[in-house]
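Asker: From the sequence below, what's the structure:
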Amino acid sequence: MALDTPKPLVLSNARVIDPARNLDAPGSVIIADGTILAAGPEAANQGTPYGAELVDCKGAIACPGLIDMCVSVGEPGAEHRETLASASQAAAAGGVTTICTMPDTDPVIDDPALVDFILRRARDTASVNVLPLAALTKGLRGEEMSEIGLLQEAGAIAFTNGHKSVKNAQVMRRMMTYARDFDALVIHHTEDPDLAGGVMNAGLNASWKGLSGVPREAEIIMLERDLRLVGMSGGKYHANLLSTGESADVMRSGKKRGLDITAGVSINHLTHNENDIGAYRTFFKMSPPLRDEDDRQAMIAAVADGTIDIICSNHDPQDVETKRHPWAEAEDGAIGLETLLSAALRLHHSEQVDLVTLLAAMTSRPADRLGLESGRLNKGAPADVIVFDPDRPWVLEKSAIRSRSKNSPFEDARFSGRTLRTVVAGRTVYNYT
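Answerer: Residues are numbered from 1 along each chain as shown. Modelled structure (predicted):
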């Protein structure tokens with residue numbers, strides 16, 4: 001990202017939503033020197049900075065930029081699928097101003113020098129903020145602890161084993177205890193590998209299709225184990241991608257016990273269910289698998305009541321070489337940076353989740369969990385801001401997808417709600433025209 005100071009910016013005539021302050025009111029957002037000077041009704045008392053760019057939002061919503069805690073990229077090792085540059089372009093178009101990149105690259109991000117590499121490449125090529133997640137175990141093999149202190153010192157924002165669970169409970173316990181001493185967040189994919197040998201949600205649908213199933217218990221058992229280990233270690237824990245109603249119940253119980261825990265869900269599991277697989281459409285093959293409609297509704301309810309804290313895209317680019325296969329042989333994963341906000345707005349339009357709660361799950365809550373100053377519009381906060389029209393209709397056309405890979409389950413989908421402008425550190429990085 002360029003280091004020159006952008007000119008001041010005033011976003012006027014906006015509906016300003018700042019979930020961190022529970023603010024939803026007409027007003028303006030005033031930006032100078034890469035930070036927020038004022039946002040909301042109080043901006044009327046703030047003078048316009050000299051030489052500022054004036055933008056009439058015409059009643060559109062101005063809110064903090066989205067923070068996506070689960071983004072896979074191909075750099076290093078698989079740049080043909082996605083680079084930091086292409087991922088950031090997709091993010092900017094979707095209203096995402098900060099991406100947390102997964103460590104499951106080639107080589108795995110388990111060395112301080114590789115964390116530094118990601119940060120340098122992001123500085124030089126990315127248009128949004130890039131925060132690297134480092135490997136929880138060396139090589140993501142689940143056997144030997146990574147050097148959390150050195151990785152954190154190099155700039156790792158949190159620690160995860162990517163899309164693999166740490167099977168050994170003793171290793172996981174040691175990792176959590178070790179991470180606690182550095183006040184580091186452990187992010188975990190909750191899926192017991194011994195039970196999760198199938199290729200779609202276990203049930204009648206899988207039987208009818210002749211496919212092996214992944215039972216809900218694979219997720220529930222691993223989550224229950226992890227929360228017991230959190231209790232033993234006293235660490236900070238985030239269950240990355242939950243997909244079942246019973247998992248939400250487990251989280252509610254853990255929070256009542258006072259554990260330092262949060263949970264996330266991918267936008268795919270809030271907007272799709274196993275029936276969307278249809279005629280073996282591999283763009284809907286992901287981990288955890290899409291569940292049934294009851295589980296989807298339970299996940300939505302858990303977001304609405306705060307049990308599920310964070311919504312992410314689970315952006316996982318795969319090309320034709322890994323997706324154009326029979327269902328059982330195709331790789332898991334779907335892209336989602338460009339559609340995260342628009343797809344989430346479906347929950348607002350269906351009146352299942354109120355807009356402030358919905359935006360909090362993608363702005364202030366991930367910011368709070370990661371210890372970031374962004375994700376809010378208070379004075380002095382980083383000027384990562386988006387403007388979007390919640391009712392603007394559009395269709396996701398494959399030819400317009402900015403990601404290098406095109407494996408979107410929303411291909412040709414109709415949306416109501418589109419990002420109009422994305423501002424990162426006071427600089428406009430995307431402007432819809």
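Asker: my guess is Thr244 contacts Arg296, does it?
Answerer: No: between Thr244 and Arg296 there is no contact, the gap being 9.8 Å when judged by CB atoms under 8 Å. Bear in mind the C-beta positions are built from the backbone N, C-alpha and C, glycine included.
Asker: higher neighbour count, the two?
Answerer: Thr244 (25 against 22; other CB atoms under 10 Å).
Asker: ok, now how distant is that one from Ile261?
Answerer: According to CB to CB, to the nearest Å, Thr244 stands 17 Å off from Ile261.
Asker: What number of residues are in the vicinity of Ser86?
Answerer: Ser86: 22 neighbours (other CB under 10 Å).
Asker: Which helix or strand contains it?
Answerer: helix 84-93 (DSSP states H and E).
Asker: Could you do Met176 as well?
Answerer: Going by DSSP H and E, Met176 is in helix 169-181.
Asker: Show me what that helix is packed up against.
Answerer: helix 148-154, strand 185-188, helix 216-233, strand 236-239 (3 or more CB pairs under 8 Å, 6 or more residues apart in numbering; DSSP states H and E).
Asker: Could you give the average pLDDT over it?
Answerer: Per-residue pLDDT over helix 169-181 has a mean of 97.
Asker: Tell me the secondary structure at the residue nearest to Arg421 when sequence neighbours are not counted.
Answerer: With CB to CB, 6 or more residues apart in numbering as the criterion, Arg421 has its nearest non-adjacent residue at 4.2 Å, and that residue is Val387. Per DSSP: H, G, I helix; E, B strand; the rest coil, the local secondary structure of Val387 is strand.
Asker: what about the residue lying closest to Asp106 once chain neighbours are set aside, which SS state?
Answerer: In this structure, Asp106 finds its nearest non-sequential neighbour in Gly77, 2.8 Å apart by CB to CB, 6+ apart. In three-state terms, and counting by three-state DSSP, Gly77 is coil.
Asker: same deal with the one 4 residues further on?
Answerer: For Arg81, the reduced secondary structure class is coil; criterion used: three-state DSSP.
Asker: Correct me if wrong: it contacts Asp319.
Answerer: Yes: between Arg81 and Asp319 there is a contact under CB under 8 Å: 5.4 Å.
Asker: Quickly list what's touching both of these two.
Answerer: Residues touching both Arg81 and Asp319 by CB atoms under 8 Å, 6 or more residues apart in numbering: 404-405.
Asker: Buried residues, the helix or strand hosting Ala343. List them.
Answerer: Assigned by DSSP H and E, Ala343 falls within helix 340-349. Buried residues in helix 340-349, counted by 16 or more other CB atoms under 10 Å: 340-348.
Asker: could you say what helices and strands that helix packs with?
Answerer: Taking 3+ CB pairs under 8 Å, 6+ apart as the contact cut, helix 340-349 packs with strand 66-71, helix 267-271, strand 310-312, helix 355-360, strand 385-395, strand 414-424.
Asker: send the alpha carbons of the fifth one over as CSV?
Answerer: Yep, that's strand 385-395 we're talking about. What follows is strand 385-395, C-alpha atoms only, in CSV (Å, rounded to 0.1, in the frame of the first residue of the first chain):
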residue,chain,number,x,y,z
VAL,A,385,-14.9,3.0,6.0
ILE,A,386,-17.3,1.7,3.4
VAL,A,387,-20.4,3.2,1.8
PHE,A,388,-23.1,0.9,0.5
ASP,A,389,-26.6,0.9,-0.7
PRO,A,390,-28.6,-1.9,1.0
ASP,A,391,-31.2,-2.0,-1.7
ARG,A,392,-29.0,-1.7,-4.9
PRO,A,393,-29.8,-4.7,-7.1
TRP,A,394,-27.1,-6.6,-8.9
VAL,A,395,-26.2,-10.0,-10.3
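Asker: Moving C-terminal from the one helix or strand Val115 maps to, which element do we reach first?
Answerer: Secondary structure assignment for Val115, by DSSP H and E: helix 112-125. Using DSSP H and E, the helix or strand that directly follows helix 112-125 along the chain is strand 129-135.
Asker: Show me what that following strand pairs with in its sheet, parallel or antiparallel.
Answerer: strand 96-101 (parallel), strand 158-160 (parallel) (DSSP bridges).
Asker: Quick check: mean pLDDT of the last one?
Answerer: Which is strand 158-160. Averaged over strand 158-160, pLDDT sits at 98.
Asker: Contacts for it, please.
Answerer: Contacts of strand 158-160 (CB under 8 Å, 6+ apart): 100, 102-103, 133-136, 146, 148, 151, 175, 179, 184-189, 238, 240, 370.
Asker: where's it relative to the chain centroid, distance-wise?
Answerer: Centroid separation for strand 158-160 versus its chain: 14 Å, with CA atoms, centre = their mean, to the nearest Å.
Asker: buried residues in it?
Answerer: 158-160.
Asker: Stretch 355-373 spans what distance, first to last residue?
Answerer: From its first residue to its last, stretch 355-373 covers 22 Å (CA to CA, to the nearest Å).
Asker: quick check: mean pLDDT across it?
Answerer: For stretch 355-373, mean pLDDT is 98.
Asker: Over to stretch 28-48?
Answerer: Mean predicted lDDT for stretch 28-48 stands at 94.
Asker: ok, now stretch 311-329?
Answerer: 96.
Asker: Enumerate the positions of that stretch that are buried.
Answerer: 311-319, 322-323, 327.
Asker: CA-only coordinates of that stretch in PDB, if you can.
Answerer: The C-alpha trace of stretch 311-329 is given here as PDB (Å, rounded to 0.1, in the frame of the first residue of the first chain):
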ATOM      1  CA  ILE A 311     -19.400 -13.800  10.300                       C
ATOM      2  CA  CYS A 312     -16.600 -14.400   7.800                       C
ATOM      3  CA  SER A 313     -16.400 -15.300   4.100                       C
ATOM      4  CA  ASN A 314     -14.300 -18.400   4.500                       C
ATOM      5  CA  HIS A 315     -12.700 -17.300   1.100                       C
ATOM      6  CA  ASP A 316     -11.000 -20.400  -0.300                       C
ATOM      7  CA  PRO A 317     -10.100 -20.000  -4.000                       C
ATOM      8  CA  GLN A 318      -9.900 -23.200  -6.000                       C
ATOM      9  CA  ASP A 319      -9.300 -23.400  -9.800                       C
ATOM     10  CA  VAL A 320     -10.800 -25.800 -12.400                       C
ATOM     11  CA  GLU A 321      -8.000 -28.300 -11.800                       C
ATOM     12  CA  THR A 322      -9.300 -28.900  -8.200                       C
ATOM     13  CA  LYS A 323     -13.000 -28.300  -8.700                       C
ATOM     14  CA  ARG A 324     -13.800 -29.800 -12.000                       C
ATOM     15  CA  HIS A 325     -14.000 -33.400 -10.700                       C
ATOM     16  CA  PRO A 326     -16.700 -35.700  -9.500                       C
ATOM     17  CA  TRP A 327     -18.100 -34.500  -6.200                       C
ATOM     18  CA  ALA A 328     -16.200 -36.900  -3.900                       C
ATOM     19  CA  GLU A 329     -12.900 -36.000  -5.600                       C
END
